[in-house]
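Asker: Curious how this folds, go ahead:
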Amino acid sequence: MSVSLRPARLRGLAAQPMVPPEPDRADTLCAQEPIHIPGAIQPHGVLLVADPSRNLVIRAASENAGLLAEGLPSNTLLGLPVADVLGEEFAKALGELAAAGELRGETPWETGLDLPGGPFEVTSHTQDGMVLIELEPVAPRDEEEALGAARALQRAIARLRAAGGRLEELARVTVEGIRHLTGYERVLIYRFDQDWHGQTLAEDKVADWEQSLDGLHFPASDIPAQARELYRRSLIRWVPSRDAAPVPLHKDPSWEVPEMPERPIDLSFTRLRSLSPVHLQYHRNMGVDGSMSLSILHEGQLWGLMVCHHRRPHRPSPGQRAAATALTDAFALRVGGAEQHGVEEARRADMNRLAELTAHMAEADDVTSALTAGAVTIASFFGCRGAALLRGATVERLGEAPPAPDLLRLANWLRDRGGEDIFHSDRMSADFPDWAQHATLASGVLAVFLTVDRTDMILWFRPEEPYLVSWGGNPHKAMDPQGGSVLPRQSFERWVEERHGHSRPWAGWELEIAATLRHAITEVIIRSLGRIAELNERLRQSQKMEAVGQLTGGIAHDFNNLLAGIVGSLEMMRNRVAQGRVGELDRYLGAAMTSANRAAALTHRLLAFSRRQTLDPKPTDVNRLVTSMEELIRRTVGPAIHVETVMSGGLWTTLCDANQLENALLNLAINARDAMPDGGRLTIEAVNARLDDAYARRHHEVTAGQYVAVSVTDTGTGMPPEVVARAFDPFFTTKPLGQGTGLGLSMVYGFAKQSNGYVRIYSEAGQGTTVRLYLPRSVEAEGADADAARPTLDQAAPEGGTVLVVDDEPVVRMLVTEVLRDLGYGVVEASDGPQALKALEAMPKIDLMVTDVGLPGGMNGRQLADAVRERRPALKVLFITGYAENAAIGNGLLAPGMQVITKPFAMDVLATKVRSMTEG
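Answerer: Numbering: from 1, shown residues only. Prediction:
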């Protein structure tokens with residue numbers, strides 16, 4: 001035990017100097033000494049050692065074998081079977097028990113024998129392959145004493161049963177009963193603490209024995225570890241006379257092996273074993289002659305000893321010893337309940353606090369406030385003066401607690417040491433030397449980790465409780481300066497020591513409550529995280545519905561305007577035809593076409609925002625694309641805005657849909673123009689960009705890699721942060737009604753994300769805006785433009801060309817068919833996939849299949865194309881669609897010989913596609 005010592009004082013005498021505690025050599029030296037004299041026994045009984053492998057032949061016998069029969073020398077028994085000495089019936093039973101392994105030292109076989117020397121109590125056990133037989137003569141008064149002990153035992157157990165629940169009261173009743181049963185002059189209960197030091201818990205003695213050991217402590221070295229382990233297994237020991245001469249054992253010479261070193265017979269479990277000289281001297285110094293001790297076991301562990309002393313020789317009869325053993329066992333059964341009796345009220349109070357705090361946590365929105373505020377907090381538990389809650393580097397102290405920096409150092413030490421989820425110490429400065437300055441305030445520390453990574457924890461603190469320890473003499477035993485052996489204490493007068501650096505120990509029930517609280521906090525945190533996730537999901541759903549409402553409202557507004565132009569123009573055309581005024585038809589036809597084209601543009605923007613537009617990504621030279629658009633952009637933004645393009649040498653090729661990139665740049669240029677009503681500067685720049693892992697971790701929507709960064713920068717009004725945050729929302733615009741749809745930036749955002757790229761806005765109010773598009777680098781060079789030359793509708797068709805047209809919309813199918821026939825193609829029509837397959841079976845030669853992607857009948861356009869390709873692998877396919885789901889056309893990866901065109905399309909564009917595919 002590591003303790004802090006103050007100058008000790010002996011009550012009634014001058015204080016004695018105390019040596020600072022060092023590793024106790026006494027315990028080590030005591031452990032090295034045998035606890036009995038090898039090869040000798042006490043003289044009040046006879047010991048025979050028999051070999052069960054040789055028909056129980058006696059291999060050794062104690063020199064006092066004459067007790068068995070008058071004048072019987074021990075050497076005459078060597079080599080004889082046990083049956084010849086103790087009888088056939090006993091030998092047969094002993095052999096059977098030995099063969100069955102039922103003669104263990106902890107539970108020996110006990111019986112009685114009538115021999116020529118008189119009646120004997122016999123105890124037998126096996127050790128090291130030999131059977132040890134102990135025979136104790138039964139005195140004429142033993143039977144009478146056994147009957148009296150049995151009656152007294154009944155009364156003692158009744159008194160024990162009637163005693164209260166306090167441990168001290170139970171101990172007092174028990175020692176009184178043992179002394180009455182056995183006739184010893186002093187009986188005491190010797191209890192071990194957690195460090196195996198002993199303390200006299202209760203004592204009962206005759207009045208004329210002035211020496212009292214009640215309340216005294218004894219160092220662990222008095223009963224070393226080997227003795228404690230033996231006492232746990234062998235439950236009773238007695239010495240009738242301290243100064244009786246030990247009786248030697250005589251061995252059969254034939255048992256000895258000359259080549260082997262002599263090994264003494266192990267007498268550890270022999271009740272007749274003779275104590276070693278140091279133990280006998282210990283009793284002599286104490287004034288004890290006859291003695292007996294019984295083990296007190298609680299839950300299978302050595303809890304303490306029932307110790308009996310007499311100042312003269314004293315031998316309790318077998319019946320008295322049996323009664324004392326029974327009463328000791330009855331006391332041991334009450335130990336558990338008695339130890340809990342004193343703390344049950346405190347435990348119950350803390351359990352009530354735990355229930356109240358748990359209920360408070362269940363209703364609280366914040367776990368920290370639930371633990372640290374309110375009628376019950378973590379500081380309310382365990383009778384502590386202070387507590388602390390650590391959440392990472394944040395410390396909240398309650399009551400009397402050490403400073404936050406020191407608590408953080410303690411927390412780091414606790415994390416580094418690892419171990420269980422709960423740590424406790426009642427002498428923290430010994431475990432963590434840096435804590436010594438806080439020993440008075442917090443000698444005891446209980447820590448409960450709340451998270452798997454051990455970042456969060458609760459700490460409770462208990463103050464130092466200095467107390468006096470009354471040792472039975474100087475606990476630091478003297479050593480023989482020559483031999484280095486232990487010298488027994490000469491005096492057992494009270495030696496008072498003041499102990500520091502300890503708090504009240506943490507009880508098992510307190511650790512259980514801490515574990516329960518930890519589990520409850522974990523459950524509340526998990527539940528809170530679930531509630532947060534649910535609320536976030538509700539918020540996202542609400543935002544989504546708001547966006548959908550905004551989107552549908554915007555679509556309805558724009559499409560109603562466009563449809564009004566289309567329907568109104570058609571009605572006017574019908575009226576003019578009926579009136580015969582056909583000369584005005586071109587004006588209305590132009591108005592209808594304008595509205596229809598605007599509707600198509602609006603649809604494309606919606607598809608771009610939703611990232612479901614049909615893209616045709618190809619290696620693209622951004623320098624060349626921007627240069628080709630420069631004049632268009634100048635005309636679009638007007639003369640008040642200076643347009644500047646900054647192209648980088650060695651710019652990488654990017655993989656994107658060039659047409660959509662042109663639309664995105666044009667949209668950005670228009671937005672920039674609107675942000676500079678009084679003129680300004682518009683700069684378009686393209687550079688190579690490498691985004692590393694660190695950047696990707698900061699911006700989760702981007703993947704690390706190589707990109708071509710295309711920036712559009714204006715010197716306009718700029719945007720505040722709240723506008724930047726919503727700039728990509730559909731139909732969100734800060735422009736006046738009628739001056740913007742709010743789809744321009746949404747389209748740019750959708751195009752970038754669908755191209756596996758990234759887009760960011762850099763802007764401040766009054767400082768202009770930069771929109772930067774990151775488009776992935778392509779490892780391929782830019783290809784030739786297959787659509788550079790567009791044939792007109794009146795160009796001649798190749799002779800014998802046949803096209804299969806598949807579309808469920810009759811009007812669209814009719815228009816496509818008319819265009820193809822005007823081009824000179826033969827046309828076969830089908831409204832769905834099954835019809836198309838039947839047509840293919842009937843037609844020996846089809847040059848091209850033009851099919852819608854969304855078809856009825858359970859087979860979409862891509863599935864139809866795959867089915868057709870199984871029959872005719874070389875057949876070329878042109879997809880036409882108004883809502884091209886990527887999954888339907890292979891996630892943008894079209895097989896060779898396949899192309900796509902988006903509805904609505906100009907008829908000359910359709911003609912160009914068909915011509916390029918049939919001629920290629």
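Asker: pLDDT wise, what is residue 355 at?
Answerer: As predicted, residue 355 sits at a pLDDT of 85.
Asker: can you check the one 10 residues further on too?
Answerer: pLDDT, residue 365: 65.
Asker: and what of residue 152?
Answerer: Listed pLDDT for residue 152 reads 89.
Asker: List the contacts of it.
Answerer: Counting by Cβ atoms under 8 Å, 6 or more residues apart in numbering, residue 152 touches 177, 180, 181, 323. Placement of C-beta: from N, CA and C, glycine included.
Asker: Now the second one. Nearest residue, chain neighbours left out?
Answerer: Which is residue 180. residue 152 (5.9 Å; Cβ to Cβ, 6 or more residues apart in numbering).
Asker: Output stretch 300-316 as PDB, nothing but the C-alphas.
Answerer: The C-alpha trace of stretch 300-316 is given here as PDB (Å, rounded to 0.1, in the frame of the first residue of the first chain):
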ATOM      1  CA  GLY A 300     -15.500 -17.900  -2.600                       C
ATOM      2  CA  GLN A 301     -12.900 -15.400  -1.500                       C
ATOM      3  CA  LEU A 302     -11.000 -15.000   1.800                       C
ATOM      4  CA  TRP A 303     -12.900 -12.200   3.600                       C
ATOM      5  CA  GLY A 304     -11.300 -12.600   7.000                       C
ATOM      6  CA  LEU A 305     -10.400 -15.000   9.900                       C
ATOM      7  CA  MET A 306     -12.100 -16.100  13.100                       C
ATOM      8  CA  VAL A 307      -9.100 -16.100  15.500                       C
ATOM      9  CA  CYS A 308      -9.200 -17.800  18.900                       C
ATOM     10  CA  HIS A 309      -6.500 -17.300  21.600                       C
ATOM     11  CA  HIS A 310      -5.700 -18.900  25.000                       C
ATOM     12  CA  ARG A 311      -2.900 -17.900  27.400                       C
ATOM     13  CA  ARG A 312      -2.500 -21.500  28.400                       C
ATOM     14  CA  PRO A 313      -2.500 -24.700  26.300                       C
ATOM     15  CA  HIS A 314      -6.000 -25.400  25.100                       C
ATOM     16  CA  ARG A 315      -7.500 -28.100  22.900                       C
ATOM     17  CA  PRO A 316     -11.100 -27.800  21.800                       C
END
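Asker: so how far is it from its chain's centroid?
Answerer: 50 Å (Cα atoms, centre = their mean, to the nearest Å).
Asker: Now that stretch: buried residues?
Answerer: Using 16 or more other Cβ atoms under 10 Å as the test for burial, stretch 300-316 gives 302-311, 314-316.
Asker: Kindly provide the whole-number mean pLDDT of it.
Answerer: 94.
Asker: now swap in stretch 213-230 and tell me
Answerer: For stretch 213-230, mean pLDDT is 84.
Asker: Strands - which of the buried residues of stretch 300-316 land there?
Answerer: In strands, defined here by DSSP state E, the members of these are 302, 303, 304, 305, 306, 307, 308, 309, 310.
Asker: Which residues are in contact with the residue nearest to residue 252 when sequence neighbours are not counted?
Answerer: Nearest in space to residue 252, with sequence neighbours left out and distances taken as Cβ to Cβ, 6+ apart, is residue 78 at 4.1 Å. If a contact means Cβ under 8 Å, 6+ apart, then residue 78 has 58, 59, 60, 61, 250, 251, 252, 253 as its contacts.
Asker: circling back to that earlier point, tell me the one of the ones in strands among the buried residues of stretch 300-316 nearest residue 43?
Answerer: When those are ranked by distance to residue 43 (Cβ to Cβ), residue 310 comes first, at 17.2 Å.
Asker: Dihedrals phi and psi, the closest residue to the closest one other than its chain neighbours?
Answerer: With Cβ to Cβ, 6+ apart as the criterion, residue 310 has its nearest non-adjacent residue at 3.9 Å, and that residue is residue 290. Main-chain dihedrals, residue 290, degrees, to the nearest 10: phi -80, psi 140.
Asker: circling back: any idea which element the residue nearest to residue 180 lies in?
Answerer: helix 142-162 (DSSP states H and E).
Asker: Now do the buried residues in that helix.
Answerer: Neighbour-count burial for helix 142-162 [16+ other Cβ under 10 Å]: 142, 145, 146, 148, 149, 152, 153, 156, 157, 160.
Asker: TSV for the buried residues of stretch 300-316, including distance to residue 92?
Answerer: As requested, the buried residues of stretch 300-316 are exported to TSV (distance: Cβ to Cβ, whole Å):
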residue	distance to residue 92
302	36
303	39
304	40
305	38
306	36
307	39
308	37
309	41
310	39
311	45
314	36
315	31
316	31
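Asker: Looking at these, which one is closest to residue 87?
Answerer: Distance to residue 87, by Cβ to Cβ, is smallest for residue 315 among the buried residues of stretch 300-316, at 25.8 Å.
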